[in-house]
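Visitor: Based on what follows, work out the 3D shape:
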Amino acid sequence: ELDEARFHVIRFTYLPSTTVGFLRSLSRALGLPMRLHGTDLFDAAQQHLVTYAQENGPHPLLIVDDAEGLSVPVLDLLRRLTAWDLDAEEHFSLLISGTEAMLRTLRHESLAPLRSRVAYTHGLRPFSLDDTRNYVRFHLDLGERDTKLLSDEAIKKLFQASGGKPRYINQLAIQTLIQAAVMGREKITGTFMAEQINNHPFYQQAVGG
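Guide: All right, here's what the predicted structure looks like:
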């Protein structure tokens, strides 16, 4: 939803673990010709990013999503991409997003120079029990289903097993809904939810019966 007259958004999520692979992926996203050597790929990508606004107008915003899979060398490569002209001007912006695994990687001692360049950070907290209840009922309503299909006790079990993380809530809720449909159940109780969680290979023994 950013104003295209002010921002040129470049977003990609296919993130190879090697620096050369990453640079090739970045070159494709930038529409640059492919080059043989990693140094040439790097120079061309950096030159494109730092001169884009001057030549075209909009400020480039490079969005690196699902960045939890990035290796330490690739993250350091991103730092080096932003290092230009002694930081006299902000030629382009870099937005990196990922799961908690990305934060663990960013804490690596060799990435201290990258951390020092980050202007703003924000971490999403897991849902509370009330958040989880509202989240589940919102999606049930969106699917035109009874918002009380999952009992309060079932949602509490779901919250405990998922730790309030939306992706885990989705995974467990869908698994349970499928099993309820197979068994012809019209309501999901706390006991039924606990059974499905404890039978799930990823969540066994996450909650009591």
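
Visitor: What are the phi and psi values at the residue located most distally from the centre of the chain?
Guide: Relative to the centre of the chain, and counting by Cα atoms, centre = their mean, the farthest-placed residue is residue 184 at 35.4 Å. Per-residue torsions, residue 184: phi 70, psi 30 (degrees, to the nearest 10).

Visitor: what separates it from residue 167, distance-wise?
Guide: Here the criterion is Cβ to Cβ, to the nearest Å. By it, residue 184 lies 28 Å from residue 167. Where C-beta positions appear, they are placed from N, C-alpha and C, glycine not excepted.

Visitor: in the protein, which residue is closest to the centre?
Guide: Nearest to the chain centroid, counting by Cα atoms, centre = their mean: residue 98, 3.6 Å.

Visitor: Surely that one touches residue 63?
Guide: No - contact criterion Cβ atoms under 8 Å: residue 98 and residue 63 do not qualify, at 11.5 Å.

Visitor: Helices along the chain, start to end?
Guide: 19-30, 38-56, 72-82, 100-106, 112-115, 129-142, 152-162, 166-183, 190-199 (DSSP state H).

Visitor: Extract the CA atoms of the fourth one and return them as PDB.
Guide: When you say that, I think you mean helix 100-106. The C-alpha coordinates for helix 100-106 follow below in PDB (Å, rounded to 0.1, in the frame of the first residue of the first chain):
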ATOM      1  CA  GLU A 100      12.500 -16.200  16.200                       C
ATOM      2  CA  ALA A 101      15.100 -18.400  14.500                       C
ATOM      3  CA  MET A 102      16.300 -15.400  12.600                       C
ATOM      4  CA  LEU A 103      16.900 -13.500  15.900                       C
ATOM      5  CA  ARG A 104      19.100 -16.300  17.100                       C
ATOM      6  CA  THR A 105      21.200 -16.100  14.000                       C
ATOM      7  CA  LEU A 106      21.400 -12.300  14.200                       C
END
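
Visitor: What is it packed up against?
Guide: Packing contacts for helix 100-106, counted by 3 or more Cβ pairs under 8 Å, 6 or more residues apart in numbering; DSSP states H and E, involve helix 72-82.

Visitor: Restricting to C-alpha, output the helix it packs on in CSV.
Guide: Taking C-alpha atoms only, helix 72-82 is exported to CSV below (Å, rounded to 0.1, in the frame of the first residue of the first chain):
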residue,chain,number,x,y,z
VAL,A,72,25.4,-15.8,8.8
PRO,A,73,27.4,-15.1,5.6
VAL,A,74,24.3,-14.0,3.7
LEU,A,75,23.2,-11.7,6.5
ASP,A,76,26.6,-10.2,6.5
LEU,A,77,26.3,-9.8,2.8
LEU,A,78,23.2,-7.7,3.3
ARG,A,79,25.1,-5.5,5.7
ARG,A,80,27.8,-5.0,3.0
LEU,A,81,25.2,-4.1,0.5
THR,A,82,24.1,-1.2,2.6
